[in-house]
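[1] Quick one: sequence plus predicted model below, questions after.
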Amino acid sequence: MPLRPIDAIFVHPKQRLYVVYYRGELWQLPRMKIDDRSWQNRRPYKDDSSSLYLSIHQAISDPLLAQKLRTLDLPVAVRGSTLPRFEAWWEAHGFKWLKDRLLTGESPLAAHTETGAINDGENDSTATLNSKSPSVNNKSAGQQSRVQNSDTKKARKQDDNLQAKDVFADMLADLVEEVLYK
């Protein structure tokens, strides 16, 4: 088992399924979807582990599952490697790589790479919402109601994105404490 527990997503190309490396144990997901429901239906992976390849995409978009699985934004050189090669890299370089990322203030969490794109779009939509000024004289009551509903839906989506961002910030704080202070 590696020096520090790590969560990583692997792919079995022939069986077309995801296998999650969770704290040194392999768990097979029932389908090619990474979400909380799949995680609840996981089972131990018993097949040959040498046929597993590290997934290029480690970010988990489901906020519930992202709280349980803290996958990292691993270096490009490691992505696509086999499980034994990944474990060897993690034992030799993983802790130093993780500590260096944290000391420079970079987030090592894969979730932050995905939410960064969401947040960039969020800023654009906020600017668009603020610049909209529907004219009451030119629109009927029904059209005005649809615009308000659309704006309300966008605002709710932005609130959900902010809550997801807070979840990932909490995860990063836990990871920093675990790596740097234990």
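    Right, received. Where do you want to start?
[2] show me the contacts for residue 57.
    Contacts for residue 57 (CB atoms under 8 Å, 6 or more residues apart in numbering) come out as 9, 110. Any C-beta I mention is one placed from the backbone N, CA and C, and that applies to glycine too.
[3] Repeat the analysis, applying 6 Å as the threshold.
    Applying CB atoms under 6 Å, 6 or more residues apart in numbering to residue 57 gives no contacts.
[4] ok, now residue 72?
    Going by CB under 6 Å, 6+ apart, residue 72 touches 108, 110.
[5] tell me the phi and psi of it?
    The phi and psi torsions at residue 72 (degrees, to the nearest 10) take the values phi -110, psi 150.
[6] Look up which residues are beta-bridged to it.
    Beta-bridge pairing of residue 72 under DSSP bridges involves residue 109.
[7] Okay, it and residue 22: tell me how far apart.
    Between residue 72 and residue 22 the distance is 13 Å, computed by CB to CB, to the nearest Å.
[8] Now for this structure, the helix or strand with the poorest mean pLDDT.
    Sorted by mean pLDDT, DSSP states H and E, the helices and strands of the chain end with helix 110-131, the least confident at a mean of 42.
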